[in-house]
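1. Okay, here's the prediction I keep looking at, along with the sequence it came from:
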Amino acid sequence: MKILYFTQFYKPENIAAAFRASDHSQIWASLGHEITVFTGWPNYPTGRLYDGYEMTKLAVENIGGVRIFRSASKIQPNTSFKKRIEAGASFIINGLKNLKHDSPVGTDYDVVLVTYGTVFSAWLGVHYAKKHGLPLVVEFRDLTYKQMIATGSPATSFKVRAIKALELSFCKSADRIVVLTKGFRDDLAAEGVEPLRITVVPNGADLVPCNHAWNNCLRFGYFGTMGLSQDVPVTVKYIGSLAKKGLASSYLLIGEGAARSEVESELTSSSQGFLRLMHGMPMNELERYYADVDMTVVSLQKSDSFAGTIPSKIFQSFARGVPVLYIGPDGDASNLIRESGAGIVLCGTIDEDLETLECFASRSDLAEELSRMSTSAINFMEQNYTRKRMADQMLLSLVGAVKNAN
């Protein structure tokens, strides 16, 4: 098949959307499919163009057998809602200019795949597919209207209703819809989207060798986006409670995002000797830090609107044999961790959570339990969530969309 893939983020960017798009594209290319990606210039999350790149209006490169068109856009740090909107809007505006009738991107494709996590690449891809009468698959990595509600926006507000209407319009335009969790499927079905058109294809990750030396005094790590959704400052309080009782020795946070400044303030305004904060870095540089922690922390705001979300950090951690401490709402993520047997789930009140956490951290056989969890994590990923397995499932939806169109 000839597949045109719209995604705002792509390799070498260090973000889940880029990992998923890049890995799937390269797997499909290795199977003989012709993959063309329309994306932006790599700059996330710092808002600085990656070394080795010089932005032009439109350029083409080849990575792993995948043809990649990079379209110009405004790049700036991902530190506020306003800046994200400006960057995304410029991606659409420049994309429209670069996708005119004489564009080298062309129209000779069997199917268009658009990934939705930011609205901008999805809008551009949906517009392009409709304009040229091409079969369309829309992949929802997040449901933005649910995120907005979870982070404090009233469900009846104009902006929530507008985003919800836009997301549902994408569903209406699509021949097939892919979501990352069962919760997302249920949310869309509840809004009238035909369930038979929705396929669940979770995130995944391939195993990465990682040597661990488990400890009886826990070392924690948080690796990823520090946005409002993740509620990272609360995790500092949880780990701080353990540190005061001598049950945790360190908490390393690596990443960028809107809530990072609050963590920085916590670090400078108090004597948090257990706490260490570093800026985001490429995955190859991050690898050694996975080996330096006993558990990674994965957190979400404790809102029912996030119950259907599974952060990709869980898969990345499990693939390296690192158990997960999950702090968030009960739902798809907590069920995944319980099923894996490779982590601790904290979905209650603060007092309930701390009691559970302290009980775990006080175990006399803690090092042995962490080792057992590590083995369970690796087996769980190998049996259920390899990138190849997920890419194959995704390909079935693309083939289905083409068949429906014919």
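-> Here it is on my side, so go on. Numbers count the residues shown, from 1 in each chain.
2. what helices or strands is the worst-scoring helix or strand of the chain on mean pLDDT leaning on?
-> Scoring the helices and strands of the chain by mean pLDDT, DSSP states H and E places helix 260-269 at the bottom, with a mean of 80. The elements that helix 260-269 packs onto, with contact taken as 3 or more CB pairs under 8 Å, 6 or more residues apart in numbering; DSSP states H and E, are helix 232-244, strand 275-278. The way it works is simple: take the backbone N, C-alpha and C, and place the C-beta from them, glycine included.
3. Name the residues of that helix that come out as buried.
-> 260, 263, 266 (16 or more other CB atoms under 10 Å).
4. Surely the first one touches residue 226?
-> Yes - using CB atoms under 8 Å, residue 260 is in contact with residue 226, at 4.5 Å.
5. Name the residues contacting each of these two.
-> residue 232 (CB atoms under 8 Å, 6 or more residues apart in numbering).
6. In three-state terms, label the residue lying farthest from the centre of the chain for me.
-> What lies farthest from the middle of the chain is residue 364; by CA atoms, centre = their mean that is 35.2 Å. Here residue 364 is coil, with the state taken from DSSP: H, G, I helix; E, B strand; the rest coil.
7. per-domain residue ranges of this protein.
-> 2-204+387-405, 218-384 (automatic domain parsing).
8. What is the end-to-end distance of the last one?
-> With CA to CA, to the nearest Å as the measure, the ends of domain 218-384 fall 28 Å from one another.
9. how about the strands in the chain?
-> 2-6, 34-40, 58-63, 66-71, 111-116, 136-140, 176-179, 198-200, 218-223, 248-254, 275-278, 295-299, 324-327, 343-346 (DSSP state E).
10. export these to CSV and tack on mean pLDDT and mean neighbour count?
-> Listed next are those as CSV, based on pLDDT from 0 to 100; neighbours: other CB atoms under 10 Å:
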stretch, mean pLDDT, mean neighbour count
strand 2-6, 98, 24
strand 34-40, 97, 23
strand 58-63, 95, 13
strand 66-71, 97, 22
strand 111-116, 96, 26
strand 136-140, 97, 26
strand 176-179, 97, 25
strand 198-200, 97, 18
strand 218-223, 97, 23
strand 248-254, 95, 20
strand 275-278, 93, 16
strand 295-299, 98, 25
strand 324-327, 98, 25
strand 343-346, 98, 22
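11. CSV for these, including distance to residue 170?
-> Below are the strands of the chain laid out as CSV (distance: least, CB to CB, whole Å):
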stretch, distance to residue 170
strand 2-6, 12
strand 34-40, 17
strand 58-63, 25
strand 66-71, 20
strand 111-116, 7
strand 136-140, 5
strand 176-179, 8
strand 198-200, 12
strand 218-223, 30
strand 248-254, 33
strand 275-278, 37
strand 295-299, 28
strand 324-327, 30
strand 343-346, 32
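12. Please tell me the pLDDT value assigned to residue 271.
-> Predicted confidence (pLDDT) for residue 271: 63.
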